[in-house]
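J.: this is a predicted model, with the sequence first.
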Number of protein chains: 2
Amino acid sequence: MNSAALPSGSGQSVYVVDDDSSVLRAVSRLLRAAGYAVTAFSCPLEFFGQFDRNAPGCVVLDIAMPGLDGLELQRRLNGAATALAVVFVTGHGDVPASVRAMKAGAVDFLTKPFNDTDLLDAVDSALRRSRAAFRSRDELAVLYRRLASLTLREREVFEHVVAGQLNKLIAVDLGAAEKTIKVHRGRVMQKMEAGSLADLVRMAERMGIHSTQRNVHP
Amino acid sequence: MNSAALPSGSGQSVYVVDDDSSVLRAVSRLLRAAGYAVTAFSCPLEFFGQFDRNAPGCVVLDIAMPGLDGLELQRRLNGAATALAVVFVTGHGDVPASVRAMKAGAVDFLTKPFNDTDLLDAVDSALRRSRAAFRSRDELAVLYRRLASLTLREREVFEHVVAGQLNKLIAVDLGAAEKTIKVHRGRVMQKMEAGSLADLVRMAERMGIHSTQRNVHP
DNA sequence: GAATGCATGGGACCAAGGTCCCATACTCGC
DNA sequence: GCGAGTATGGGACCTTGGTCCCATGCATTC
């Protein structure tokens, strides 16, 4: 185990994106002094091409930038498969922009001049949120990978099982013998790596799986 | 069934709170014309004393008001057991105020002059959110009422069951016979009105019940 | 002091879940 | 055409879960 500072592994990486180089320097210095792994960009497109998609992190973003607008960059980040959290920092922010930013999930929206504490608090809270989102996204990805390993039939049985139906009824619904359902059910438990039915139900909940149940008369 | 307009039953009730009587009149008229059941208040405290806690609804709120500040009123609403959603409307809103409002869960934050469509959209979205929150709060209340009807022992068994443990193991953990656990478990299913174990697990999830499990050696 | 609610279980059963081994049948790709 | 993967089940067997009736012991309450 090497304990060198690994920006992407530490969950402490902060990207600062601002076209004003003096602000960029000042903010970067402040955050580095606070112990964060900071990467600075004066060009939003450059940032978008280089940041680490596979790690949690925080982006400190100026709203008004030439080339790529801050809000537009946020929109692209939301569209991309990342778990980055955004903190806006701006000199001349207007209310509509701040509202749009917050609606789109920004953690905070600071107007210059802001005091150091506000920025540090925002970054801390953003990293916290990003790490949580990243972890949850990761766990979900594992679940979906397992789900994808199910055959069609197993998937059907899975849905009926987490709906609380008895094997006997599932058999009727799917037009098979109870015996066969048991076999599929056993394989579902194995493939999903569920230690108990309760586990399986919780997995289904997290994946938003609700039975596509035609209750009576298919 | 009387189909008279019932503000609290319809899920369409909107409270407008603004100390500027001309704005109050204009906004109220607009919303009434759109079919909402509008109640207007020029005094925030009066509103706070009179609104219906037991129905979903939307509050259109001015930020700057004498007596009770808009943000403070929002804070109180969040503290109270309501499911109201807040839309801010203000003449001279500053960015920090809008950010605080959005962080506190406001649906939108409009600055005058705003066009009618923006307000109507915001109110519609707020009512939608409020209805969803209200329903979910209601369902949760039912679950908690059932949970409260469990005896201490039943509650313990409940936690172990949704943790996926077998009756046999629960018996060991609680120092009782498997037979006894079965009895408790049966009563838990009855009292919680769960049709299946899957149901019970989902109920536990919604209530955030995770076993307070001392795995080995109590 | 009788009644009530609760926790505790024995006995007896039956239903449901789970798991072996085994077999058939179909489809797909090489 | 043959093997792999899939869906299907029979037979046998055991473990769990669920539910009757019944009974005891211990608090609290009226």
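T.: Thanks, I have it.

J.: C-alpha only now, for contacts and for neighbours.
T.: Will do.

J.: compute the distance between the closest residue to residue A:192 other than its chain neighbours and DNA strand C, please.
T.: Leaving out its chain neighbours, the residue that sits closest to residue A:192 by C-alpha to C-alpha, 6 or more residues apart in numbering or on different chains is residue A:146, at 5.4 Å. For residue A:146, the distance to DNA strand C equals 18 Å [C-alpha to the nearest atom of the strand, to the nearest Å].

J.: just checking, what packs against the helix or strand encompassing residue A:146?
T.: For residue A:146, the host element (DSSP states H and E) is helix A:116-148. Counting contacts by 3 or more C-alpha pairs under 8 Å, 6 or more residues apart in numbering or on different chains; DSSP states H and E, helix A:116-148 is packed against strand A:58-62, strand A:85-90, strand A:108-111, helix A:178-192.

J.: elements contacting the last one?
T.: Identification of packing neighbours for helix A:178-192 by 3+ C-alpha pairs under 8 Å, 6+ apart yields helix A:116-148, helix A:152-162, helix A:167-174.

J.: run the last query once more with 10 Å
T.: If you count contacts as 3 or more C-alpha pairs under 10 Å, 6 or more residues apart in numbering or on different chains; DSSP states H and E, helix A:178-192 packs onto helix A:116-148, helix A:152-162, helix A:167-174, helix A:197-206.

J.: next: the first one.
T.: Strand A:58-62 makes packing contacts with strand A:13-17, helix A:21-33, strand A:37-41, helix A:44-50, helix A:70-79, strand A:85-90, strand A:108-111, helix A:116-148 when contacts are defined by 3+ C-alpha pairs under 10 Å, 6+ apart.

J.: can I get the ones you listed in JSON lines with distance to residue B:191?
T.: Formatted as JSON lines, those follow (distance: least, C-alpha to C-alpha, whole Å):
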{"stretch": "strand A:13-17", "distance to residue B:191": "49"}
{"stretch": "helix A:21-33", "distance to residue B:191": "54"}
{"stretch": "strand A:37-41", "distance to residue B:191": "53"}
{"stretch": "helix A:44-50", "distance to residue B:191": "54"}
{"stretch": "helix A:70-79", "distance to residue B:191": "44"}
{"stretch": "strand A:85-90", "distance to residue B:191": "43"}
{"stretch": "strand A:108-111", "distance to residue B:191": "45"}
{"stretch": "helix A:116-148", "distance to residue B:191": "32"}
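
J.: just give the nearest non-adjacent residue to residue A:34, would you?
T.: Residue A:34 sits nearest to residue A:120 (C-alpha to C-alpha, 6+ apart), 8.0 Å away.

J.: again with residue A:205
T.: Leaving aside its chain neighbours, residue A:205 sits nearest to residue B:202 (7.7 Å; criterion: C-alpha to C-alpha, 6+ apart).
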